[in-house]
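Colleague: sharing a sequence plus its predicted fold:
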Amino acid sequence: MKILQIGMGNVAGGLETFVMNYYRVLVHKDVQFDFVCMYDKIAYEEEIRRLGGRIYYIPNVKKNYRGYVRELKRILKETKYDVVHVNMLSAANIVPLRIAHKMGVPKVIAHSHSSSCPGFIRKTMDQWNRPKIARYATDRVACGEMAGRWLFGDKAYQNGEVVLINNAIYTERFSFSSEKRTELRKEMSWEGKTVIGHVGRFDIPKNHDRMVDIMNCLSAKDKNVVLCLIGPKEGLYGQIREKVQKAGLEDQIFFAGKQENVPKYLSAMDVFLFPSLFEGVPFALIEAQANGLPCVMSDAVSEEAVVFSENVRRLSLQIEDKIWADTLMEMSRLERKSQNVIHDRMQEAHFDITTEAERLRKLYLGNR
């Protein structure tokens, strides 16, 4: 079965993680992904090629609309795909849905990966295009209820017209390791310290600004608290680093950059901080819970991301920094659950990739 994936960017974010997590499993179940990319590179390029996927680099729709349409039509004419899976952060660009529909692709999936749309132009296009999605897509998919209602509407969701496919992960890969914890804490001189962690791109929705403010509040009371920020040093990184320097927090806030071994860092942490302005069901929170980490997140994040309600605290962004700081310290003292308990709960919550990949495969098969 041949699937054409559209929507992946050049940086590994949640959308890209979703596609690759499922690809790594489904490629062994006679499902092959190919990819369309309108940037100079695509995230996970080497791994995609290693798994046998083809990558089509085509013009950026915003810069060369006609070239984008021409190349996409050519791809769909030359190769008969069973499914075109369009991964969407908004409805600002529904061109691939329309083209795939027009070219007679049997199954055209519109997949919502977000619950908000920043930027005036993008938001305007999003609102204009949303009603047209149902006309072109045979299936509407979302990473969670909030994302499904946001892009496809309450009525479609309530009528059962939206299929939920969770942001599933390899649970075992993120298991807690006391050895890795000891090793990294020694290497980073974090022994005897409370380590707060975050994984995410330096982008507006992640709200790094607020994280620095909360750390400023914590630092005034306790110098043995550190914040470790994992994520590529791009986007708003320079701006956030400058804020850290001005606040005099260089010794308490660590910029770890992009990390291949995120589970090792999660094991070294005591509590996970996620004060996002908006989110669907973020992978970072699912991974942190798979490691057993207590989490403190904003109530703007979908409650669907909560697997262990007893280990997660949701706070309003309107609440003062002191409350966030106190909550982080309180949650940091919780003990991690056993890995057996974590594995069972992750499967029950449909966040384990070994079981969830088969659900996506069945969706692809559809009426074939």
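Modeller: That came in fine, so what should we check first? Residues are numbered from 1 along each chain as shown.

Colleague: separation between the nearest residue to residue 183 once chain neighbours are set aside and residue 230?
Modeller: Distances taken as Cβ to Cβ, 6 or more residues apart in numbering put residue 264 closest to residue 183, at 7.8 Å, once the chain neighbours are dropped. To be clear about C-beta, it is placed using only N, CA and C from the backbone, and glycine gets the same treatment. Per Cβ to Cβ, to the nearest Å, residue 264 is found 11 Å from residue 230.

Colleague: out of these two, which sits in the more crowded spot?
Modeller: Neighbour totals were compared for residue 264 and residue 230, and residue 230 leads with 20 against 17 (other Cβ atoms under 10 Å).

Colleague: ok, how many other residues are close to residue 11?
Modeller: Neighbours around residue 11, by other Cβ under 10 Å: 18.

Colleague: neighbours around the nearest residue to it once chain neighbours are set aside, how many?
Modeller: Counting by Cβ to Cβ, 6+ apart, residue 43 is the residue found nearest to residue 11 once chain neighbours are left out, at 5.9 Å. Residues lying near residue 43 (other Cβ under 10 Å) number 20.

Colleague: now residue 43: how far from residue 17?
Modeller: Residue 43 sits 9 Å away from residue 17, taking Cβ to Cβ as the criterion.

Colleague: try residue 207
Modeller: For residue 207 relative to residue 17 (Cβ to Cβ), the value is 20 Å.

Colleague: list the contacts of the spatially most distant residue from the centre of the chain.
Modeller: Going by Cα atoms, centre = their mean, the residue of the chain most distant from its centre is residue 221, 33.2 Å out. Applying Cβ atoms under 8 Å, 6 or more residues apart in numbering, we find residue 221 in contact with residue 325.

Colleague: give me the pLDDT for it.
Modeller: On pLDDT, residue 221 comes in at 89.

Colleague: pretty sure it is in a strand, no?
Modeller: No - read with DSSP: H, G, I helix; E, B strand; the rest coil, residue 221 is coil and lies in no strand.

Colleague: measure it to residue 282 for me?
Modeller: Taking Cβ to Cβ, one finds residue 221 at 29 Å from residue 282.

Colleague: same check, this time on residue 45
Modeller: Distance of residue 45 to residue 282, computed by Cβ to Cβ: 23 Å.
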